[in-house]
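Chemist: 3D model of this:
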Amino acid sequence: MSPSTRRTVLSRGSWPESRRIASVLRSETVGGVLLMVAAVIALIWANTPLADAYAALRDFHIGPSALHLDLSLSEWAADGLLAIFFFVVGLELKREFVAGDLRDPRRAALPVVAAVGGMAVPAIIYVLINRGGAAGALDGWAIPTATDIAFALAVLAVITTHLPAALRTFLLTLAVVDDLLAVTVIAIFYTSELELPYLMLALVPIALFALAVQRRISSPLLLVPLAVLAWWLVHLSGVHATVAGVLLGFTVPVLASSGAPDEHGPAERFEHRIRPLSAGFAVPVFAFFAAGVTVGGLSGLTDSLGDPVTIGIAVGLVAGKLIGITATTYLTAKLTRAELDSELSWIDVAGVALLGGIGFTVSLLVGELAFAGDHLRGDHVRIGVLFGTVTAAVLATIVLRARNRVYRTLAEAESRDEDGDGVPDVYQRPPATDT
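Modeler: Take a look at the predicted model:
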């Protein structure tokens, strides 16, 4: 096989896709910084003499009980605001597989397989640690399986590493697939009581929403009430309401009505409008209400870190993600007789895998669902997620900073445009065949 046609994994994608990914990552980075700030404020507040005020705010109920919406502010953040986040996930995932580089099954296979491995191994580690433990501990098996792309990108922004386009694309698409799998897990395994009539009724506003967007109707006066009605009916059905967000996102067309590839389709326009609301408000507010855990001093922290639930979450996020993502990527390359792109090293894959261990937002959401009503275990979940996330972030920083000189060279090459045509020269070379 000649060098120009050799199979590779993690090769550089097309220029339009790389440009789009860079734009998405910039907005997510800002959201990630806000998320980190919100989490730190909540953690500090919950461990001051004003901790009772934080708990009172978090548990304050508002909403009409007649509509079964008498929820705490924390529940509104988890059920309502995160539905906006998952709507963006649905938009992004559909766009990737319809118009992005991942419409090619060969390119799509790697992040999908890596996401599955990055979820399966942490779950297995958690189960092994908690097998034979306290009653109900195994309910938290899915907590360490999620990746928080906004938090991961905030870490990248802080350490100022010049991550190459191929690794940025891999990280983003892996995290999007991870989010889809996470919401599937939530819908299947964390639905205790299913009210099928409400779920069937929810299909009506979802279908009307789909019909409207297919006809290129974008008026908020029509679409927002339909989306809220769909969310409410899914909420009443017993399925977690965030599922409504993903389903609605899937209905939005990706391609422009003219079919021209350079025109912005409805999905991209919706994403540009709603992503700032999701990254800049919805996710940080959820983080504020979810991250506030009262540690209880050194003894309380020691007790928490000794709980198998906490250990399973932390080890799953760090070791599980590292092993799962790196091993499945390596095995995919070997089974398809492909080589890693010559500009990269397997240590780069390990660094991205460690970023995958930053599992803040969805991990906390799953923890709330797994141990609803168990405040002590809920606190241990928060400590496990925080400890695992921080550890993964520190290790990723060490690995990626060690390679930053190489990344800086690649970044310079990926921005060089000697012929002045607006497209970097590296994107005009014949690409290697990706697996």
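Chemist: Would you quantify the distance from A210 to R95?
Modeler: Applying C-beta to C-beta, to the nearest Å, the value for A210 to R95 is 16 Å. Placement of C-beta: from N, CA and C, glycine included.
Chemist: More neighbours: those two, which one.
Modeler: It is R95, of A210 and R95, that has more neighbours when counted by other C-beta atoms under 10 Å, with 25 against 18.
Chemist: Show the pLDDT at the more buried one.
Modeler: At R95, the model reports a pLDDT of 82.
Chemist: Please give me every residue in contact with it.
Modeler: Contacts for R95 (C-beta atoms under 8 Å, 6 or more residues apart in numbering) come out as V254, G265, A267, E268, E271.
Chemist: same check, this time on R408
Modeler: The contact partners of R408, by C-beta under 8 Å, 6+ apart, come to H162.
Chemist: element containing it?
Modeler: Applying DSSP states H and E as the criterion places R408 in helix 404-415.
Chemist: Give me the next element, helix or strand, following the host helix or strand of R95.
Modeler: Element membership of R95 [criterion: DSSP H and E] is helix 82-98. Remark: after helix 82-98, the chain's next helix or strand is helix 105-130, criterion DSSP H and E.
Chemist: could you give the mean pLDDT of that following helix?
Modeler: For helix 105-130, mean pLDDT rounds to 89.
Chemist: Going by residue numbers, what spans are strands in this structure?
Modeler: Here the chain has its strands, by DSSP state E, at 7-9, 61-62, 71-72, 339-340, 433-434.
Chemist: Most tightly packed of these?
Modeler: Comparing the strands of the chain by mean neighbour count (mean count of other C-beta atoms under 10 Å), strand 7-9 comes out on top with a mean of 21.
Chemist: Point out where the stretch 101-250 of the chain drops to low pLDDT.
Modeler: 101-102, 160-161 (pLDDT under 70).
Chemist: Correction: the previous question concerned the stretch 251-400 of the chain.
Modeler: Along the stretch 251-400 of the chain, the parts satisfying pLDDT under 70 run over 257-263, 296-300.
Chemist: at 80 instead, please
Modeler: Applying pLDDT under 80 to the stretch 251-400 of the chain picks out residues 255-264, 294-304, 338, 341-343, 373.
Chemist: which helix in the protein runs the most residues?
Modeler: For the chain, the longest helix by residue count, based on DSSP state H, is helix 15-45.
Chemist: distance of E96 from G245?
Modeler: Taken as C-beta to C-beta, the span from E96 to G245 is 17 Å.
Chemist: And those two? Which one has more around it.
Modeler: For E96 versus G245, neighbours defined as other C-beta under 10 Å are more numerous around G245 (28 against 24).
Chemist: Excluding residues flanking it in the chain, which one is nearest G316?
Modeler: P144 (3.0 Å; C-beta to C-beta, 6 or more residues apart in numbering).
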